[in-house]
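>>> Whatever this is, show me its structure:
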Amino acid sequence: MRLSTTVYSGIKLKVLLGGAMAMAVAASYPSHCLLRIMRRPVSSPRKLHLLQNSLDLLQSPSSSKSNFNVHVGVPCRQLTFQVGSVDPRRRTRRIVRDFVPSWRSHHQAAGMTIGAKPLVKDGSLLVNGKVVLTGVPGNVVVSPVQSSDQSVFVGAEFDVAADRHVSTLGVLKGYNFLSLYRFKIWWMIPRVGKSGSEVQLETQLLLLEANEESALEDDDWEQKGDSTFYILFLPLLDGQFRATLQGSPENELQFCVESGDPGVQTSQVSEAVLVNYGDSPYQLMKDSIKLVEKHKGTFHHIDNKKVPVHLDWFGWCTWDAFYQNVTPQGIREGLESFSEGGVAPKFLIIDDGWQDTFNEFMKQGEPPKEGVQFATRLVDIKENSKFKVLTSDDYATFAEFISFLKERQGLKYVYVWHALVGYWGGLLPSSDVLKKYNPKLVYPVQSPGNCGNVRDVAMDSIEEYGLAVIDPEKIYDFYNDQHSYLASIGVDGVKVDVQNVIETVGSGYGGRVALSKGYQCALEESVAKNFKENNLICCMSHSSDNIYSSKKSATARASEDFMPSEPTLQTLHVASVAFNSLLLGEIVVPDWDMFHSVHSTADFHAACRAIGGCAVYVSDKPGTHDFKVLKKLVLPDGSILRARYAGRPTRDCLFKDPVMDGKSLLKIWNLNKLVGVVGVFNCQGAGNWPLMKNSTDFLVSLPAVLTARVSPTDVEFPEDAATENETGDFAVYAFNSGSLTRVPKAGSVEVSLAVLTCEIFAISPIQVFDDRIHFAPIGLIDMYNSGGAVEAVKAVSDPSGLVFKVKARGCGCFGAYSSKKPKSCKYDNKEADISYDSANGLVTVKLEGDCSTKDIDIAF
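The predicted model follows:
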């Protein structure tokens, strides 16, 4: 909340804060001095509340003194505001908030800022007192968000009703921004910029970086701390309409709303775009999505969903290994070759190629026309002849084959692929088996936004040959029949592809939003009924029609496919997933897609997935594996060390282009139970973003090596992994170099990387016990995400000395930082050899046996 008032007082206003109340007494000021009180609550993990919700200035213009009360939740120290004389032509003043350091750390940890609601005043949109948009037209409508003190919905009124409207919100200039937009109908990618003209069609998230007015223009004032805050524009679903953002050549920020059905029209939208702001971009995203979840009721936040069981196990997908030529024999050979190398997958995705399909446009003996394969339609919900009658001595049917894979190959979960509409071209209308679902051939119509970016050959082909859609009244029956059959033969879940195609066929069905919601709901209900564990992977589903209709689906592909034969797309893939996870990671667990363990970028992709908080699976051909790479990802029992959140760019990377600016490295942060992790990746010079022009100068001047710094402050939400007796310093372990460095919280270490190389840092808070032993667990230092193995740590003191008790999962080389050499080590009550490097404090012990949680006792 922000309050402005005229205060007559002296040159210096000193506020003494103590106990639960503070009193400020001011003397006389010249009448032209306008004092703008800007206050923001500071909330720590202990839920402190600094400054009451309403701050009453008890004074009048004629009074010589002015009193106000400030309520706080804990005893506080002295706070001084410096106030100076101001030119009366400048009717604003700023106050220095000289918070003590402990307050500042609490303030940064809190995330959201409580202040004034965004509002339109004198033709400008103001957010937290800052002018964000100018030239706001009169048809723009701002309305409050229930239960929120600082966010609003933005909509507009139009002269006539229509199924599609474009409205200007105002002119956007002078802010660094990050946007996520659909460059193809299926997929989002990021774009950074500084003005409205750079906002692409089909933008689904716009995040601005702003600097808050925080001080008077006083010669004696020195700015302390970071005053940056973040402004979010989030286009939403508004009834039967979907909103997106876009820019104009005149730097106007516009929003577009469309129903996708000429019969569904409106002349007004009131909740098309959410505008919110806060100190932390990550907390801002989380709070905003939860706010919309509560208000709209059309989807759920990831915190309120059941996560699929396959995420914590290593997997194999058949797509790149076989494409549509997948067979039971090929699958068996692939699994056997993994097992021979000691890394056995525990979940399997049988991708496209198992279904019974037909393409009436492919003529035998004639070369296929480009894209005609996407006109193929589904004939039956059961498997095709390759999987129906099998000649192996071990199995004769698809069901027996799946049972064999689980019993003999050790698989825990088997998923199969299908499209949202059955297959790429829908259902075959002439199929006797599928007629009961009333398939109808329709011809998709893509929106102007899709057509204005990159057209996709698959979508264009479906548009040309038509899509045989399932009757919306029969869609649940179709899914339930298919899924119940699959479950009966031992299938545990499904990967459902081609989801965004539904937005193009909403005409006559109530529009794109209504039809997408109906399909999504039916799919989720069928999965919940038949597969029990919410075992669903959504794919090609980046439209907000799907995103904001997701009530149960809890994992989805976060970028375009991994394409092994396209060297210029590798860095784009990595950067896209990291940035897209800012939005997707609040609603689903982002899926980074498969990769190849034998590939020029294998280590690069493996490292990303290790810290992505995601499933880890490959699509190696049988016999083509790099087990050195795989064993840094996968424990001997097939489990992985999965971090707790979606891996996202660090705060200092959000508004930089890690692919094409020629200077920025991509840093991705995550957090395990106790240990933070930051991966650093050089994505420069190996690819170009779609719809962006590259220059020859960029490639010529690109340095061979780029440098960045990694700090403990790169890891967000440290309170989620807080331990007792922390010193404020951190042990920072670099996976590839093996270096261990002790750094203060605000300190950093330097890393230099060539193109398509990376480094991963485990960042562990150092604890102190008995005022003499400083200790921090690192984890399994032979694994990319070392800290994922650490589950708990505590210190126990007895007459024989001090013992650090660590719980760690897995086996291999366990590492920790210690300021002194330990006397001995045991795990699971067995003596173990321990080594100590006095130069950097690295303690290591070899953990043998299975991958269960081990109790490690390190004695001093």
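
>>> helices and strands around the longest helix seen in the chain, which ones?
Across the chain, the longest stretch assigned as helix under DSSP state H is helix 512-531. Judged by 3 or more Cβ pairs under 8 Å, 6 or more residues apart in numbering; DSSP states H and E, the packing partners of helix 512-531 are strand 241-247, helix 475-488, strand 493-497, strand 536-538, helix 544-547. Heads up, the C-betas are built off the backbone N, CA and C, glycines and all.

>>> Could I get the average pLDDT for the longest one?
Confidence for helix 475-488, expressed as mean pLDDT, is 98.

>>> What are the buried residues along it?
For helix 475-488, burial by neighbour count (16 or more other Cβ atoms under 10 Å) applies to Ile475, Tyr476, Asp477, Phe478, Tyr479, Asn480, Asp481, Gln482, His483, Leu486, Ala487.

>>> Which residue, other than its chain neighbours, is closest to the fifth one?
Pointing back at Tyr479 there. Leaving aside its sequence neighbours, Tyr479 sits nearest to Ser526 (Cβ to Cβ, 6 or more residues apart in numbering; 3.7 Å).

>>> remind me which residues of the stretch 1-150 of the chain are low pLDDT?
For the stretch 1-150 of the chain, the stretches with pLDDT under 70 are 1-115.

>>> So the residue nearest to Tyr479 sits against Tyr476, correct?
Yes. With contact defined as Cβ atoms under 8 Å, Ser526 counts as touching Tyr476 (6.3 Å).

>>> pLDDT score for the nearest residue to Gln767 once chain neighbours are set aside?
Among residues not flanking Gln767 along the chain, Asn725 sits closest, at 4.7 Å (Cβ to Cβ, 6+ apart). Asn725 carries a pLDDT value of 89.

>>> can you pull the contacts of Asn725?
Contacts for Asn725 were tallied using Cβ atoms under 8 Å, 6 or more residues apart in numbering; they are Gln767, Val768, Phe769, Ala795.

>>> try Leu569
Taking Cβ under 8 Å, 6+ apart as the criterion, Leu569 is in contact with Glu560, Met563, Gly687.

>>> Compare these and tell me which is most surrounded.
Within those, most neighbours by other Cβ atoms under 10 Å means Glu560, with 22 neighbours.

>>> burial of the residue lying closest to that one once chain neighbours are set aside, as a residue count?
Once flanking residues are discounted, Glu560 sits nearest to Trp187: 4.6 Å by Cβ to Cβ, 6+ apart. Counted with other Cβ under 10 Å, the neighbours of Trp187 add up to 23.

>>> distance of Trp187 from Ser550?
Remark: distance between Trp187 and Ser550 (Cβ to Cβ, to the nearest Å) = 17 Å.

>>> ditto for Ala859
Distance, Ala859 to Ser550, by Cβ to Cβ: 50 Å.

>>> between those two, who's got more neighbours?
Neighbours were counted for Ala859 and for Ser550 using other Cβ under 10 Å; Ser550 has more, 25 against 17.

>>> Give the ranges of residues in the stretch 151-300 of the chain that sit below the confidence cut-off.
Along the stretch 151-300 of the chain, the model assigns pLDDT under 70 to residues 212-226.

>>> Quick check: Gly341 touching His625?
Yes. Contact criterion Cβ under 8 Å: Gly341 and His625 qualify, at 5.6 Å.

>>> Mind checking which of the two has more residues around it?
A direct count of neighbours by other Cβ under 10 Å for Gly341 and His625 places His625 higher, at 21 against 15.

>>> count of neighbours near the residue nearest to the more buried one when sequence neighbours are not counted?
Sequence neighbours aside, Ser597 is the residue nearest to His625 in space, at 5.2 Å (criterion: Cβ to Cβ, 6+ apart). For Ser597, the neighbour count with other Cβ under 10 Å is 23.

>>> Ok, Ser270 next?
Ser270 is flanked by 14 other residues according to other Cβ under 10 Å.

>>> Kindly indicate whether the residue nearest to it when sequence neighbours are not counted is helix, strand or coil.
Counting by Cβ to Cβ, 6+ apart, the nearest residue to Ser270 once its immediate chain neighbours are dropped is Gly155, at 4.0 Å. Assigned by DSSP: H, G, I helix; E, B strand; the rest coil, the conformation of Gly155 is strand.

>>> what about Gly155, neighbour count?
Neighbour tally, Gly155, other Cβ under 10 Å: 22.

>>> Isn't it up against Val275?
No. Using Cβ under 8 Å, Gly155 is not in contact with Val275; the gap is 11.1 Å.

>>> just the helices in the stretch 201-350 of the chain please.
Along the stretch 201-350 of the chain, counting by DSSP state H, counting those that start in this stretch, helices occupy 281-296, 319-322, 328-340.

>>> and what of the stretch 651-800 of the chain?
With helices called from DSSP H, counting those that start in this stretch, the stretch 651-800 of the chain shows them at 696-701.

>>> Find the residue ranges of it scoring beneath the pLDDT cut-off.
Within the stretch 651-800 of the chain, the stretches with pLDDT under 70 are 694-701.

>>> which residues of it fall in strands?
Remark: strands assigned in the stretch 651-800 of the chain by DSSP state E, counting those that start in this stretch are 666-671, 676-681, 705-710, 726-734, 740-744, 749-754, 758-769, 773-780, 790-798.

>>> Which among those strands is found nearest to Glu250?
The closest of the strands of the stretch 651-800 of the chain to Glu250 is strand 666-671. By Cβ to Cβ, the value is 32.4 Å.

>>> Would you mind listing the outside residues contacting that closest one?
574-575, 578, 608, 611-613, 643-650, 652-653, 658, 676-683, 708, 710, 714-718, 720-721, 785.

>>> mind running it again at 6 Å?
Residues outside strand 666-671 that contact it (Cβ atoms under 6 Å, 6 or more residues apart in numbering): 575, 578, 611, 613, 643-645, 647, 650, 653, 658, 677-681, 683, 714-715, 721.

>>> ditto for stretch 441-450
Ile185, Leu201, Glu202, Ile462, Glu463, Gly466, Leu467, Ala468, Val469, Thr504, Val505.

>>> With stretch 476-486 instead?
With contact meaning Cβ under 6 Å, 6+ apart, stretch 476-486 is reached by Ile381, Tyr437, Ile470, Ala522, Leu523, Ser526, Asn530.

>>> which among those residues gets closest to Val751?
Leu523 (43.3 Å).

>>> count of residues packed around the closest one?
Residue neighbour count, defined by other Cβ under 10 Å, stands at 23 for Leu523.

>>> Apart from its neighbours in sequence, what residue is nearest it?
Excluding its sequence neighbours, the residue lying closest to Leu523 (Cβ to Cβ, 6+ apart) is Tyr479, at 5.6 Å.

>>> ok, the one you found to Ile402 distance?
20 Å.

>>> What of Gly422?
To Ile402, Gly422 is 21 Å away according to Cβ to Cβ.

>>> Tyr437 now?
Separation of Tyr437 from Ile402 (Cβ to Cβ) stands at 25 Å.
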